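J.: After the sequence you'll find the predicted model.
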Number of protein chains: 2
Amino acid sequence: MFEFHLSARSGRARAGVFTTPHGDLPTPVFAPVGTQAAVKTLTPAQVEELGATLVLANTYHLYLRPGDELIRELGGLHTFMQWPHPILTDSGGFQVFSLADTRKIDDDGVTFKSHIDGSTHRFTPEKSIQIQENLGADIIMAFDECADPHDRTYIEKAMQRTHAWAERCVQAKKRGDQALFGILQGGVFPELRTASAKFISSLPCPGFAIGGLSVGETKAEMHAMLDIVTSILPEDKPRYLMGVGTPEDLIEGVRRGVDIFDCVLPTRLARHHAAFSSEGRLNLMNAAFARDKRPIDETCACYTCQAFTRAYIRHLIAAKELLAGTLLSIHNLHTMINLMKDIRAAIVDGTFESRLPDWLEQWKGNAQKIRRIL
Amino acid sequence: MFEFHLSARSGRARAGVFTTPHGDLPTPVFAPVGTQAAVKTLTPAQVEELGATLVLANTYHLYLRPGDELIRELGGLHTFMQWPHPILTDSGGFQVFSLADTRKIDDDGVTFKSHIDGSTHRFTPEKSIQIQENLGADIIMAFDECADPHDRTYIEKAMQRTHAWAERCVQAKKRGDQALFGILQGGVFPELRTASAKFISSLPCPGFAIGGLSVGETKAEMHAMLDIVTSILPEDKPRYLMGVGTPEDLIEGVRRGVDIFDCVLPTRLARHHAAFSSEGRLNLMNAAFARDKRPIDETCACYTCQAFTRAYIRHLIAAKELLAGTLLSIHNLHTMINLMKDIRAAIVDGTFESRLPDWLEQWKGNAQKIRRIL
């Protein structure tokens, strides 16, 4: 279990397979986000039709509602949300720091108030693992602290805490059928990223995650940090770039040796009436689309683009029909999943390097425009 | 085109097939409602998977937004909403009387203000037909006036107007590929229903609709009116009971010779977190379901009941995940469509009369509880 086989390489890009209790996971892979045990507006059958293989769920949200013990009682997350393929849960750390109220951090853990009802809770590394063992995902995460990437003093302190917490997570883990990934931090500081990559990769984990990116740094900073850490992390284990990102970010990540990505972007864009397209980002609410007979993207093979006009989707948005969000989510997720599938095939057949300029050309400006609404 | 073949009878219940430009329509049939050219929260692929054959769309809503001329430009309603099977549009009459503001009725038509932006519009019989010809449904409706069923003086006046308008609709109709159904009215007054059924059935229409029921009268009154009109309407043309109803109403309608039904109930219940079940109406928001591992209905074969627990659906509702509405819509629509399919099969194989008591027993109390939230 949790073996990682590399099938092909192209420069530092890798095509691999990660074995999990719920099936083999071909990498590189993009995971749709099902924060509350549901990919927003889609049935699992629709997510499966999109070719998704890995879905992410959020520990913080599910701990608060409906509760991790309830999910365990109901047979675990796979049964609860009816996703028979691999699932990844985060540690709850990022959400505690970004969503919860009046948090107090100490070296032992974090006390916070629920954003739902103001009730007080405490997460420690041990508690995070306990919750994730109750949820029962295939891949689980060490509890970490994600801080402002430019505050060096604080970043170093948070990194040290993250390292100590990672060791405690490894100790706390009881279940043998879950892969615990350590998370490295270090902000935008090369020496901290180097230290963190070295420390975290020394832990007996079947994979490693790169945290604290896409949280306010520039693209150049993100790429520099990725270059550093992927040269340190072991080749024979998967690397997961957390919470990233745009199509451009995926391409830039894969070429630097990243294997796993997740992001709310495709479904969040959909809720803002926006779609990826080869012409750039489209806001389907735009009056210019009222009589537009074309699909969102004429080059796209998704259900939405095969069936519906921009005019129809704009009508659904104007009429406040929830189907608009479903159709846009299908298109945006298809775009990400299909891009990763194309990239993986190109790594395998040796055409990745030659196709890279076209992919970057297609998605670069697009991505800048997309990031604004995140 | 628009031939109606009766395949079997059981008492006054009929199993038939109505031929339309978009395929044969087996009757009796329940039509899901796609008010704004979308069955709420479902893709057409999901509606098709449910076994739906006929979908209803609302003339009033589509005239106001996105506009019937735009829909014609985009290839008509079938192409616009991607429903390749038969579609029925109402005349807009009922919505003008129930939704629009400051309406003024005269013998020529109705002037009203849009519920969306307050703009002033006028519907006449000719205008209603023109809009419905632009929309391009297979079955279209004569423009009628639906009044308070107990105000005899007004009901008689509205009925006379409805008759005159029906004649004008027949005259105004230009397209040959749409079936125009006349609508009979008459409130809860036997002599008016008799007169209306006689007058409307004298028109050269391929089918007839029964209007003005399920608008405030009792079940006994509805059944009495159905008994009267179905004994007058010709046997060789389909009868459509507009805007009805609950599972019980469908059973009571079919046994009296009704062939076509539509109702917002299944999708509206879903938005109110409620589900049909063989145990009675369930409100899935109820805390009692938080740990309930059973499906909504253990006897149900729908996607929702085959996959998900009550506990999961309750979680989705509590977490405000829109997927709850989708899963409940799938279940509720399946219940209605499947009930009609079972009933049709029983009429064909001669078991309808013997199964009738069980169906009524199962759905009677249920329906009373359901009507409260309509």
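T.: Thanks, I have the structure now.
J.: pLDDT weak spots in chain A?
T.: Along chain A, segments meeting pLDDT under 70 span A:102, A:365-374.
J.: can I see the domain layout of it?
T.: The record's domain split for chain A, according to automatic domain parsing, is A:28-262, A:270-371.
J.: Where is the longest helix in chain A?
T.: Ranked by residue count and defined by DSSP state H, the top helix of chain A is helix A:323-349.
J.: That one and chain B, any residue contact?
T.: Yes: judged by CB under 8 Å from any CB of the partner chain, helix A:323-349 and chain B are in contact via A:Leu323, A:Gly325, A:Thr326, A:Leu327. C-beta coordinates here come from the backbone N, C-alpha and C atoms, glycine included.
J.: Tell me the one of those nearest B:Thr124?
T.: A:Leu323 (32.1 Å; CB to CB).
J.: Would you check that the closest one makes contact with A:Leu316?
T.: Yes: at 5.3 Å, A:Leu323 counts as touching A:Leu316 under the criterion of CB atoms under 8 Å.
J.: neighbours of the residue nearest to A:His331 when sequence neighbours are not counted, just the number please.
T.: Distances taken as CB to CB, 6 or more residues apart in numbering or on different chains place A:Thr304 nearest to A:His331, at 4.3 Å, with adjacent residues excluded. By other CB atoms under 10 Å in any protein chain shown, 22 other residues sit near A:Thr304.
J.: And A:Phe112, by the same measure?
T.: A:Phe112 has 23 neighbours, counted by other CB under 10 Å.
J.: Contact partners for it?
T.: Applying CB atoms under 8 Å, 6 or more residues apart in numbering or on different chains, we find A:Phe112 in contact with A:Val96, A:Ala100, A:Asp101, A:Thr102, A:Arg103, A:Lys104, A:Thr120, A:His121, A:Arg122, A:Phe123.
J.: contacting residues for the first one?
T.: Going back to what we said before, that points to A:Val96. By CB under 8 Å, 6+ apart, A:Val96 lies in contact with A:Tyr60, A:Arg103, A:Val110, A:Phe112, A:Phe123.
J.: Relative to chain B, which of those residues is nearest.
T.: A:Tyr60 (12.6 Å; CB to the nearest CB).
J.: The closest residue in space to the closest one that isn't next to it in sequence: how many residues sit nearby?
T.: Nearest non-adjacent residue to A:Tyr60, counting by CB to CB, 6+ apart: A:Gln95, 3.5 Å away. For A:Gln95, the neighbour count with other CB under 10 Å is 21.
J.: Let me know whether A:Glu105 touches A:Cys146 as I believe.
T.: For the record, residue A:105 is Ile, not Glu. No: in this structure A:Ile105 lies outside contact range of A:Cys146 using CB under 8 Å: 11.3 Å.
J.: need the helices for the stretch 51-200 of chain A, in chain order.
T.: Secondary structure of the stretch 51-200 of chain A (DSSP state H, counting those that start in this stretch): helices at A:59-64, A:68-73, A:77-81, A:93-98, A:125-135, A:152-172, A:190-201.
J.: wait, which of those helices is closest to B:Phe261?
T.: Counting by CB to CB, B:Phe261 lies closest to helix A:77-81 out of the helices of the stretch 51-200 of chain A; the figure is 34.6 Å.
J.: isn't there a helix covering A:Pro357?
T.: Yes: according to DSSP: H, G, I helix; E, B strand; the rest coil, A:Pro357 belongs to a helix.
J.: A:Asp68 and A:Lys127, how far apart?
T.: 10 Å (CB to CB, to the nearest Å).
J.: Which residues of the stretch 201-350 of chain A lie near chain B?
T.: Taking CB under 8 Å from any CB as the test, the list of the stretch 201-350 of chain A residues beside chain B reads A:290-291, A:293, A:303, A:307-309, A:311-312, A:314-316, A:318-319, A:321-323, A:325-327.
J.: so who does the nearest residue to A:Ile105 once chain neighbours are set aside touch?
T.: The shortest distance from A:Ile105 to any non-neighbouring residue, by CB to CB, 6+ apart, is to A:Glu145 (6.8 Å). Contacts for A:Glu145 (CB under 8 Å, 6+ apart) come out as A:Gly93, A:Phe97, A:Ile105, A:Val110, A:Ala158, A:Arg161, A:Thr162, A:Trp165, A:Gln185.
J.: tell me the two of these that are most distant?
T.: Taking CB to CB, the two most distant members of the contacts of A:Glu145 are A:Val110 and A:Gln185; they sit 15.0 Å apart.
J.: When those two are compared, which one has more neighbours?
T.: A:Gln185 (29 against 22).
J.: Who wins on neighbours among the contacts of A:Phe112?
T.: In terms of neighbours by other CB under 10 Å, these top out with A:Val96 at 25 neighbours.
J.: sorry, back to before: quick one: which two of the contacts of A:Val96 are the most distant?
T.: Pairwise over the contacts of A:Val96, using CB to CB, the maximum falls at A:Tyr60 and A:Arg103, 11.4 Å.
J.: is it true that A:Ser209 lies in a strand?
T.: No, residue A:209 isn't Ser; it's Ala. Yes: assessed with three-state DSSP, A:Ala209 lies in a strand.
J.: Can you tell me who it pairs with across the strands?
T.: Per DSSP bridges, the residues bridged to A:Ala209 are A:Ile183, A:Tyr240.
J.: and the residue of the stretch 101-250 of chain A found nearest chain B, how many residues sit next to it?
T.: Residue of the stretch 101-250 of chain A nearest chain B, by CB to the nearest CB: A:Ile116 (9.2 Å). Neighbourhood size, A:Ile116 [other CB under 10 Å]: 13.
J.: Which one's more surrounded, A:Ile105 and A:Cys146?
T.: Comparing A:Ile105 with A:Cys146 by other CB under 10 Å, the one with more neighbours is A:Cys146, at 24 against 16.
J.: got the contact list for the more buried one?
T.: A:Gly93, A:Phe94, A:Phe97, A:Ser98, A:Ala158, A:Gln185, A:Gly211, A:Gly212, A:Val215.
J.: Pick out the most distant pair among these.
T.: Spatial extent of these (CB to CB) is set by the pair A:Ser98 and A:Gln185 at 14.7 Å.
J.: got the buried residues for the helix or strand in which A:Ala220 is found?
T.: Under the criterion of DSSP states H and E, A:Ala220 resides in helix A:219-232. For helix A:219-232, the neighbour count (16 or more other CB atoms under 10 Å in any protein chain shown) marks A:Lys219, A:Glu221, A:Met222, A:His223, A:Met225, A:Leu226, A:Ile228, A:Val229, A:Thr230, A:Ile232 as buried.
J.: got it, and stretch A:319-333?
T.: For stretch A:319-333, the neighbour count (16+ other CB under 10 Å) marks A:319, A:321-333 as buried.
J.: for the stretch 1-150 of chain A, what spans make up the strands?
T.: For the stretch 1-150 of chain A, strands defined by DSSP state E, counting those that start in this stretch occupy the ranges A:4-10, A:13-20, A:23-27, A:29-31, A:55-57, A:87-89, A:101-105, A:110-113, A:120-123, A:139-141.
J.: now for the ones you listed, which one comes closest to A:Leu64?
T.: A:Leu64 sits nearest to strand A:120-123 of all the strands of the stretch 1-150 of chain A, at 7.5 Å, using CB to CB.
J.: give the contact list for the most centrally placed residue in chain A.
T.: For chain A, A:Asp262 is the residue whose C-alpha lies nearest the centre (CA atoms, centre = their mean; 1.6 Å). Counting by CB under 8 Å, 6+ apart, A:Asp262 makes contact with A:Phe30, A:Ala31, A:Pro32, A:Val33, A:Leu54, A:Leu56, A:Leu88, A:Tyr240, A:Met242, A:Gly243, A:Val244.
J.: what's the answer for A:Ser91, then?
T.: Going by CB under 8 Å, 6+ apart, A:Ser91 touches A:Thr59, A:Ser128, A:Gln132, A:Ile140, A:Met141, A:Ala142, A:Phe143, A:Asp144, A:Cys169, A:Ile183.
J.: Touching, A:Arg9 and A:Ala15? I think so.
T.: Yes: counting by CB under 8 Å, A:Arg9 does reach A:Ala15; the two are 7.5 Å apart.
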